[in-house]
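1. Can you look at this prediction? I've put the sequence above it.
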Amino acid sequence: SSGDIFFLNEKSQKMTASRKVVVALSKVDGDDPIIHTATVSAPTNIACIKYWGKANKHYNTPINSSLSLTLDQSDLRAVTTATASPSFDSDRLWLNGQEVDSACTSKRFRACVDGVVALATDKVDSSSGKILVSKDDWKKMHVHIASYNTFPTAAGLASSAAGYAALVAALVELYGAKESYPGEFTAIARQGSGSACRSLYGGFVAWRQGGEKEDWSDSIAEQVADESHWPEMRAVILVVSDAKKETSSTDGMSTSVATSELLAFRAKEIVSKRMKTIEEAIKAKDFEAFGKVTMMDSNQFHATCLDTYPPIFYMNDVSRSIIQMVHKYNSWAGGIRAAYTFDAGPNAVLYTLEEYVVELLALVLKYYPEVGEDKVNNVNLKNEALEFQLNPSLIECVEQSSRIHETGDVKMVYCTKGGTGPQVLDAVSSVIDFKIE
């Protein structure tokens, strides 16, 4: 599907050099060509209330509202450089160092580029006040865009959300674009990838279903609470598989909408109540309520996948064993200390609070042993967890339904937290180098 242009494998991500794209350009009448450039990074987000199913395919709008936490960009982010020049003779896109030939004619890519350039403003010299590029001139220029991301893509870690959010944010910066109504940039990002609209803000973000307006311009993201509101919140991400999933989200949603009566009931009767519950829990910093509704919504999302005909299986046996472990842990604790959620893939995201993160990681590393030295992104936290003495009664409780898994069943663990929306980066971070010949 055209939505998968930001879904790539990780082969080229090990070496920073391979992320850089070198583009040859000719001089113009003996002078270097004029190139306008902007580079931004954008985060991924993990939904607590799930988006599954499109109401309108043309506008890429949802059959229900959703809510997510934007994650810190230290480990998981997309970095995108957007450039425009009168010297470019076509639009071009590179992902993780490789050019994507069909991308620039893809409906989603065009919706983002054309949507932002329509909101461009004049670029003015700050000292002289002279107009360097008029807003109409922007529309005549082609763009060259290069992007990379730092995590396994298309394995259920919201890579397209970070990719399209970075694309829109870089274009906004390049063109000096201004919204004509609040949330307009999120409405543009949503046409690239639905969940990308939520990655344009930090903290907890709701994507409002919309639909009152004919053009769906009310289907936008809104920040519920910023990244400083609940600083104790943590996320432990267990990468169960970094392979590309068998059923893409776009295909899966389409089949679910067509065949699952449970999905229709969920959208109509359940989600609005859960949105209210979780927004109140976030504002009150009530982890018990937050955790319960998050887990229930994840379970129901995967139930709708099973109710789809033919059924879709995103979770696997390792995923299900993580669910059992979390429930045993919470049962032993006498309250919710960890809350799992699974997107359209087998990888688990475990929400917890700062005070329990070492204990939770110790539990994870006991039952899902490490492969090599660099399985956990945070070495200090890993060492704390390996030294942590788990309560024998907790081990006894967990072992009623869990066993120590094969080394490699969990391939990577990211310990992270909530974070900011897109960040503008300096020229040194540019993903494109122009070689003037």
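-> That came through fine.
2. Now do the contacts for residue 430.
-> Contacts for residue 430 (C-beta atoms under 8 Å, 6 or more residues apart in numbering) come out as 37, 39, 81. Any C-beta I mention is one placed from the backbone N, CA and C, and that applies to glycine too.
3. Is it correct that residue 141 is in contact with residue 85?
-> Yes: at 6.1 Å, residue 141 counts as touching residue 85 under the criterion of C-beta atoms under 8 Å.
4. Helices along the stretch 251-400 of the chain, start to end?
-> Using DSSP state H, counting those that start in this stretch, the helices of the stretch 251-400 of the chain run over residues 261-265, 271-284, 287-307, 317-333, 357-367, 379-387, 392-398.
5. pLDDT score for residue 242?
-> Looking at residue 242, its pLDDT is 67.
6. name the element residue 82 belongs to?
-> Using DSSP states H and E, residue 82 sits within strand 77-85.
7. just for the stretch 101-250 of the chain, where's the confidence low?
-> 152-158, 242 (pLDDT under 70).
8. what are the ranges of the helices in it?
-> So, for the stretch 101-250 of the chain - with DSSP H, counting those that start in this stretch - the helices run 107-117, 135-140, 159-175, 184-192, 249-259.
9. Out of these, flag the one nearest residue 55.
-> Residue 55 lies closest to helix 249-259 among these, at 8.7 Å (C-beta to C-beta).
10. For the closest one, name the packing helices and strands.
-> Where contact means 3 or more C-beta pairs under 8 Å, 6 or more residues apart in numbering; DSSP states H and E, helix 249-259 is packed against strand 54-56, helix 261-265, helix 287-307.
11. which of the ones you listed is buried the deepest?
-> The highest average neighbour count among the helices and strands packed on helix 249-259, using mean count of other C-beta atoms under 10 Å, belongs to helix 287-307 at a mean of 20.
12. Just want the angle from that helix to helix 249-259.
-> Here helix 287-307 runs at 70 degrees with respect to helix 249-259, directions being taken by axes from the mean of the first three to the mean of the last three C-alpha atoms, to 10 degrees.
13. for helix 287-307, packing partners?
-> On a contact count with 3+ C-beta pairs under 8 Å, 6+ apart, helix 287-307 meets strand 45-49, helix 249-259, helix 261-265, helix 271-284, strand 338-341, strand 348-353.
14. Could you single out the most deeply buried of those?
-> Ranked by mean neighbour count, the helices and strands packed on helix 287-307 are led by strand 45-49 with a mean of 27 (mean count of other C-beta under 10 Å).
15. what pLDDT, on average, does that strand get?
-> Regarding strand 45-49, the rounded mean pLDDT is 96.
16. next one: stretch 347-361
-> The model assigns stretch 347-361 a mean pLDDT of 97.
17. End to end on that stretch, go ahead and measure it.
-> 15 Å (C-alpha to C-alpha, to the nearest Å).
18. The helices of the stretch 101-250 of the chain: which one's closest to residue 60?
-> Per C-beta to C-beta, nearest to residue 60 of those: helix 184-192, 5.0 Å.
19. Quick one: distance of the closest one to the chain centre.
-> 14 Å (C-alpha atoms, centre = their mean, to the nearest Å).
20. Quickly list what's touching both of residue 141 and residue 85.
-> Counting by C-beta under 8 Å, 6+ apart, the shared contacts of residue 141 and residue 85 are residue 36.
21. Among the contacts of residue 430, name the buried ones.
-> Buried members of those, scored by 16 or more other C-beta atoms under 10 Å, are 37, 39, 81.
22. just checking, the second one touches residue 424?
-> Yes: between residue 39 and residue 424 there is a contact under C-beta under 8 Å: 7.4 Å.
23. just to revisit the earlier point, report the angle between the strand holding residue 82 and helix 159-175.
-> Using the same axes, to 10 degrees: strand 77-85 against helix 159-175 is 40 degrees.
24. Just the buried positions in strand 77-85, please.
-> 77-85.
25. go on, stretch 184-200?
-> Along stretch 184-200, these residues count as buried under the neighbour rule (16+ other C-beta under 10 Å): 184-200.
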